[in-house]
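Undergrad: Would you be able to build a 3D model of this:
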Amino acid sequence: MERIDKIISKAKNISRSEASSFVKKGLVAVDGKTVKSPAQKAEPSQSEILFCGERVIYSEFIYIMMNKPKGVISASEGKNEKTVIDILPPELRRRKLFPAGRLDKDTTGFMLITDDGAFAHRILSPKNHIPKTYIATVDKPVTEQVIRAFEQGVLLKDEKCLPAKIQKENSDFTVARVTIHQGMYHQIKRMFAAFGITVTELERIKMGGLELDYSLEKGQCRLLSSKEIELIENGK
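TA: Next up is the predicted model:
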């Protein structure tokens with residue numbers, strides 16, 4: 001059970017005080033009865049909640065897949081730069097949303113945005129090593145030496161990467177599918193750079209067992225289902 005002002009606040013992306021004000025004005029109803037007190041509790045999954053005559057769709061947390069475009073940063077606040085939160089459609093915006101993990105400003109693809117801190121911690125924790133897959137376009141063909149080094153773990157300065165998988169995506173091997181199990185700073189770019197190869201384009205296409213929805217244009221997003229959320233955390 002949740003307080004009705006909290007339910008309205010989250011569902012409509014407004015403050016608790018604003019939600020309370022709407023309740024006091026008689027604009028909220030639960031199961032056909034006008035709510036008189038913001039402190040009244042309701043079970044969103046079992047009750048019909050109306051706000052200004054429209055049904056409220058409520059969930060404690062939301063999980064959003066975005067096809068991140070270039071030029072936006074993976075942050076909740078960007079000072080003078082546009083963030084992935086800034087380009088969310090109004091109906092999906094909530095306070096406390098954040099990107100679960102980061103993509104470079106010029107990297108595109110699967111960006112997960114949520115307000116579930118515990119879930120984000122689980123999927124980003126180094127001990128879980130959830131696989132993340134990218135398509136990398138490079139300026140030189142990938143060699144057998146690079147393939148073997150990725151599989152063994154590339155040494156970056158004083159830190160060795162976990163083993164990574166690399167597969168050919170085009171005939172001359174200048175486009176590669178790369179799967180890593182950690183999230184070091186600029187990791188894929190640095191791994192290739194260790195062999196004198198520059199990454200010119202990078203797109204994340206998969207997190208855990210969930211692939212990017214290619215029906216999403218760059219900058220578009222949608223909510224994830226419970227099954228899709230499970231695939232991120234437990235899929236391969």
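Undergrad: quick one: pLDDT of Val56?
TA: pLDDT, Val56: 82.
Undergrad: check contacts around it.
TA: Val56 sits next to Ile7, Ile8, Ala11, Lys12, Pro44, Ile49, Leu50 when contact means Cβ atoms under 8 Å, 6 or more residues apart in numbering. Heads up, the C-betas are built off the backbone N, CA and C, glycines and all.
Undergrad: now Met1, nearest residue through space, not along the chain?
TA: Lys41 (4.2 Å; Cβ to Cβ, 6 or more residues apart in numbering).
Undergrad: ok so, going back, now, of the contacts of Val56, which are buried?
TA: Among these, those classed as buried by neighbour count (16 or more other Cβ atoms under 10 Å) are Ile7, Ile8, Ala11, Lys12, Pro44, Ile49, Leu50.
Undergrad: which element is the fifth one on?
TA: With elements delineated by DSSP states H and E, Pro44 resides in a region that no helix or strand encompasses.
Undergrad: cool, and the third one?
TA: Element membership of Ala11, judged by DSSP H and E, is helix 4-12.
Undergrad: Show me where the protein has its helices.
TA: Assigned by DSSP state H, the helices in the chain fall at 4-12, 16-24, 117-124, 144-152, 187-193, 226-234.
Undergrad: Pick the most buried one from those.
TA: Burial of those is given as mean neighbour count (mean count of other Cβ atoms under 10 Å); helix 4-12 ranks first at a mean of 22.
Undergrad: counting contacts, what elements does it pack onto?
TA: Applying 3 or more Cβ pairs under 8 Å, 6 or more residues apart in numbering; DSSP states H and E, one finds that helix 4-12 contacts helix 16-24, strand 28-30, strand 41-42, strand 49-51.
Undergrad: Among those, which comes closest to Asn67?
TA: Nearest to Asn67, of all those, is strand 49-51, at 30.3 Å by Cβ to Cβ.
Undergrad: where does the protein have low pLDDT?
TA: Applying pLDDT under 70 to the chain flags the ranges 236.
Undergrad: so what strands line up beside the longest strand along the chain?
TA: In the chain, ranked by residue count with DSSP state E as the criterion, the top strand is strand 199-207. Paired neighbours of strand 199-207 in the sheet (DSSP bridges): strand 108-114 (parallel), strand 132-138 (antiparallel), strand 210-211 (antiparallel).
Undergrad: So what touches the second one?
TA: It refers to strand 132-138. Contacts of strand 132-138 (Cβ under 8 Å, 6+ apart): 101, 109, 169, 174-181, 183, 188, 192, 197-208.
Undergrad: distance of the nearest residue to Ser20 once chain neighbours are set aside from Glu233?
TA: Spatial nearest neighbour of Ser20, chain neighbours left out: Pro38 (3.9 Å); criterion: Cβ to Cβ, 6+ apart. To Glu233, Pro38 is 35 Å away according to Cβ to Cβ, to the nearest Å.
Undergrad: can you check Cys161 too?
TA: 22 Å.
Undergrad: cool, and Glu43?
TA: Applying Cβ to Cβ to Glu43 and Glu233 gives a distance of 26 Å.
Undergrad: ok, now Leu212?
TA: Leu212 is 17 Å from Glu233, by Cβ to Cβ.
Undergrad: Same check on Lys157?
TA: From Lys157 across to Glu233, the span is 31 Å (Cβ to Cβ).
Undergrad: With the flanking residues excluded, which residue is spatially nearest to the residue nearest in space to the middle of the chain?
TA: Closest residue to the average C-alpha location of the chain: Leu112 at 0.6 Å, with Cα atoms, centre = their mean. Computed as Cβ to Cβ, 6+ apart, the closest residue to Leu112 that is not its neighbour in sequence is Ala100, at 4.4 Å.
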